[in-house]
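> Sharing a model that was predicted from the sequence below.
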Amino acid sequence: MAMIEEGKKAPAFTLPSSEGGEVSLKDLKGKTVVLYFYPKDDTPGCTREACEFRDTQAPLKKAGALVFGVSGDSLESHGKFKTKHKLNFPLLSDRGNAVATKFGAFGEKTLYGRKFMGIIRSTFVIDGDGVVRKVFPKVKVDGHAEKVLEAVKALSK
């Protein structure tokens with residue numbers, strides 16, 4: 001499935017949250033949402049990315065954005081990851097990768113010449129009306145949270 005495009009309505013979703021309960025896009029109406037998809041809890045790149053979002057949380061919140069990390073890991077795995085790295089935002093469990101697939105953030109990847117299906121590291125900035133305003137496909141981790149912050153600030157102008 002192709003990655004969702006800027007200007008399109010974000011796919012509806014409801015996922016279990018590391019904070020307890022569930023998070024639904026429809027319940028976030030009126031808020032800017034940063035939804036970032038990452039392959040696996042507590043792996044080197046995913047840890048760096050999560051820690052960058054943790055360290056950028058205050059200015060993102062000030063700019064009116066809510067950050068959610070999404071992977072196919074279990075809530076138990078998310079809980080350990082959050083605690084270990086003192087993450088200050090919810091992680092959503094997308095078992096089976098249905099939501100990642102809807103966003104186009106799940107598909108064929110190649111690593112060391114081997115092809116396999118997995119999460120394609122990508123971030124979506126969704127406005128208060130549920131429209132995707134910025135897509136970061138195939139994210140390079142270092143400096144990514146700052147780029148997301150710039151996109152969020154640009155939205156709130």
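Received it, and whenever you're ready, just let me know what you need.
> and the most centrally placed residue in the chain, what element?
Centroid-nearest residue in the chain: Y36, 1.4 Å away (criterion: Cα atoms, centre = their mean). Take DSSP states H and E as the rule and Y36 turns out to sit in strand 32-37.
> tell me the average confidence for that strand?
Across strand 32-37, the average pLDDT comes to 98.
> just stretch 64-81 next, same as before
On average, stretch 64-81 scores 97.
> what's the lowest-mean-pLDDT helix or strand in the chain packed up against?
Lowest mean confidence among the helices and strands of the chain (mean pLDDT, DSSP states H and E): strand 106-111, at a mean of 88. Helices and strands touching strand 106-111, by 3 or more Cβ pairs under 8 Å, 6 or more residues apart in numbering; DSSP states H and E, are strand 114-119. Bear in mind the C-beta positions are built from the backbone N, C-alpha and C, glycine included.
> measure F106 to K138 for me?
With distances taken as Cβ to Cβ, to the nearest Å, F106 is found 13 Å from K138.
> for this protein, what spans make up the strands?
Along the chain, counting by DSSP state E, strands occupy 14-16, 22-24, 32-37, 65-71, 91-93, 106-111, 114-119, 122-126, 132-136.
> Which among these is found nearest to I4?
strand 132-136 (5.5 Å; Cβ to Cβ).
> Show me what that closest one pairs with in its sheet, parallel or antiparallel.
Strand 132-136 pairs in its sheet with strand 122-126 (antiparallel), by DSSP bridges.
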